[in-house]
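> Quick one: sequence plus predicted model below, questions after.
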Amino acid sequence: VVLNFWFLNCDPCKMEFPFIQEGYEQVGEDVAILALNPYDGTQEDVVSFRETKGYEFTMSKCDARWADMMKLESYPTTVIIDRYGHICLIHSGMLRNTQEFLDMVDYFTADDYKQQFFRNAGQIPAV
């Protein structure tokens, strides 16, 4: 599961969504992607944004307590929950390209995945 915390008035958040969409198209149903907005706007604003941009992954408004629980340091932040239900990555900051997204997902979905926690995507070993 990929959780992406963002908000409507966050330019870096909006800049990384095309990379997430492209990655989503490549990983298909192997990974659930949820873009959660705990900060601004309404559910209707989030749905409108998603539809206007043509994003296919799930986007929703969420309660600010989600961000508090994850102890977010900045926006956007990407959190990966592995196949065992454990948080294994909290990456603060914008993903720079589709390959960075795919490298994250590939590591955590690999057949020989060994559970480990990473504080940012740059720490993840190449698969």
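In hand now; what should we look at?
> For Glu25, which non-adjacent residue is spatially closest?
Leaving aside its sequence neighbours, Glu25 sits nearest to Glu56 (Cβ to Cβ, 6 or more residues apart in numbering; 7.4 Å). Every C-beta, even on glycine, is put in place using the N, C-alpha and C of the backbone.
> which SSE is that neighbour in?
Assigned by DSSP states H and E, Glu56 belongs to neither a helix nor a strand.
> ok, now Cys88?
Using DSSP H and E, Cys88 falls in strand 87-92.
> Tell me the helix or strand right after that strand.
Downstream of strand 87-92, the next assigned helix or strand under DSSP H and E is helix 98-109.
> Mind exporting the C-alpha coordinates of that following helix to CSV?
The C-alpha coordinates for helix 98-109 follow below in CSV (Å, rounded to 0.1, in the frame of the first residue of the first chain):
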residue,chain,number,x,y,z
THR,A,98,8.5,7.8,-12.2
GLN,A,99,11.6,5.5,-11.9
GLU,A,100,12.0,6.6,-8.2
PHE,A,101,8.4,5.5,-7.6
LEU,A,102,8.9,2.2,-9.4
ASP,A,103,12.2,1.5,-7.6
MET,A,104,10.3,1.9,-4.2
VAL,A,105,7.5,-0.3,-5.3
ASP,A,106,9.8,-3.0,-6.8
TYR,A,107,11.8,-3.3,-3.7
PHE,A,108,8.8,-3.8,-1.4
THR,A,109,7.0,-6.2,-3.8
